[in-house]
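[1] Below is the structure, and that's it, no one-letter string:
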């Protein structure tokens, strides 16, 4: 089974909404959702306008189109839909008030975007409140095999409580 087919089967079309973390110009993160029912690419950007990120979304769409064409030719004709003409549409989300919270806004969008709106309150203040917990969750995750990092976080927590 080819990587193109696997991406189509497991990432792009496994559910009605495929979420992508997109890095724009090596300095900003935003969430892109390929929405099956709406037949659109949804841009959820906490800092930049669509004009500034549209070229990067078009590149993502082009990569998906190539994967779809390859998978359709390799596996079966037209199993996966043509997404080449799907509209790229920006949705209003709360805006960050600093220059370093885009990754955390991205995570919130991936967790709470239902295809039409955010299902939880998202704001710079909420992001700031969750920042340290988010880092701790990542470091303490079962999939993180770096035990020293986990020990360091626990040591910091003990010192903070003392």
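    That came in fine, so what should we check first? Worth saying up front: this structure is predicted, and the values here are computed from it rather than measured.

[2] List the buried residues in stretch 51-61.
    Buried residues in stretch 51-61, counted by 16 or more other Cβ atoms under 10 Å: 53, 54, 56, 57, 61. C-beta here means a position set from N, CA and C on the backbone, and glycine is covered the same way.

[3] residue furthest from the geometric center of the chain?
    Distance from the C-alpha centroid of the chain, by Cα atoms, centre = their mean, peaks at residue 162 (37.6 Å).

[4] what would the buried residues of stretch 51-61 look like in CSV with distance to residue 12, pLDDT and secondary structure?
    Listed next are the buried residues of stretch 51-61 as CSV, based on distance: Cβ to Cβ, whole Å; pLDDT from 0 to 100; DSSP: H, G, I helix; E, B strand; the rest coil:
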residue, distance to residue 12, pLDDT, secondary structure
53, 20, 93, helix
54, 20, 95, helix
56, 17, 95, helix
57, 15, 96, helix
61, 11, 98, helix
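
[5] Please, which helix or strand holds the residue most central in space within the chain?
    In the chain, the residue lying closest to the centroid (Cα atoms, centre = their mean) is residue 21, at 3.0 Å. Under the criterion of DSSP states H and E, residue 21 resides in strand 17-24.

[6] Which helix or strand lies directly C-terminal to that strand?
    Heading C-terminal from strand 17-24 (DSSP H and E), you reach strand 28-35.

[7] which stretches of this structure form helices?
    3-6, 50-74, 102-112, 124-140, 147-161 (DSSP state H).

[8] Find me the pLDDT at the closest residue to residue 107 other than its chain neighbours, would you?
    Leaving aside its sequence neighbours, residue 107 sits nearest to residue 134 (Cβ to Cβ, 6 or more residues apart in numbering; 6.9 Å). Looking at residue 134, its pLDDT is 90.

[9] how far away is residue 134 from residue 103?
    For residue 134, the distance to residue 103 (Cβ to Cβ, to the nearest Å) stands at 9 Å.

[10] try residue 42
    18 Å.

[11] before we move on, back to that, would a markdown table of the helices of the chain with distance to residue 94 be doable?
    Listed next are the helices of the chain as a markdown table, based on distance: least, Cβ to Cβ, whole Å:
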| stretch | distance to residue 94 |
| --- | --- |
| helix 3-6 | 35 |
| helix 50-74 | 16 |
| helix 102-112 | 8 |
| helix 124-140 | 7 |
| helix 147-161 | 29 |
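
[12] Determine which stretch of those helices is the most buried.
    Highest mean neighbour count among the helices of the chain (mean count of other Cβ atoms under 10 Å): helix 102-112, with a mean of 19.

[13] Before I go, just wanted to say thanks for your time.
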